[in-house]
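Engineer: Predicted coordinates and the sequence they were generated for:
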Amino acid sequence: MKRTDRLQSAYGDDIILYDDRDQSVVYKLLSEFQLGDQMYAVLRQERAKEAEPEIYRVTFAADGEPELETIEDDDEWENVSELYDEMTFPENDVK
C-alpha cells in the first residue's frame, strides 16, 4: 500500500458529490492510497464531523479525470476498511 495524491491534486481537500436527490454534498478528503493496482479515497461529509468516513474506489475516465465509485464487493470493502483503520489507528507496541 502506498499513499497517493491524485484526487487532492485534481480537486483539493474538498470534493463535491451529489446525493440521491441531486443535492451537492461537500466531503473532506481524509486519505487516498493505492493497494495493488487499485486506488481508494476516504472521505467524510464536511457537515458530519462525527460521522464514519466513507471509502470509495478511484477510477479514471478515458480523459484521465479521476472518478469515485462505491465499493459493492463486501470483501473488498472490508479489506480496504481494515487497512485504513490500521493506517489511522496503528496499534501501540508497548512492552
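Structural biologist: Arrived safely. Numbering: from 1, shown residues only.

Engineer: Distance from the chain centre to the longest strand seen in the chain, please.
Structural biologist: The residue-count maximum for a strand in the chain (DSSP state E) belongs to strand 24-35. Remark: strand 24-35 is offset 4 Å from the chain centroid, using Cα atoms, centre = their mean, to the nearest Å.

Engineer: contact partners of that strand?
Structural biologist: For strand 24-35, contacts defined as Cβ atoms under 8 Å, 6 or more residues apart in numbering pick out 1-8, 11-19, 39-47, 53-54, 58, 79-80, 83-84, 87-88. Placement of C-beta: from N, CA and C, glycine included.

Engineer: Name the next helix or strand downstream of that strand, please.
Structural biologist: strand 38-45 (DSSP states H and E).

Engineer: Return the list of helices and strands in contact with that next one.
Structural biologist: Using 3 or more Cβ pairs under 8 Å, 6 or more residues apart in numbering; DSSP states H and E, the elements in contact with strand 38-45 are strand 14-18, strand 24-35, strand 54-60, helix 74-88.
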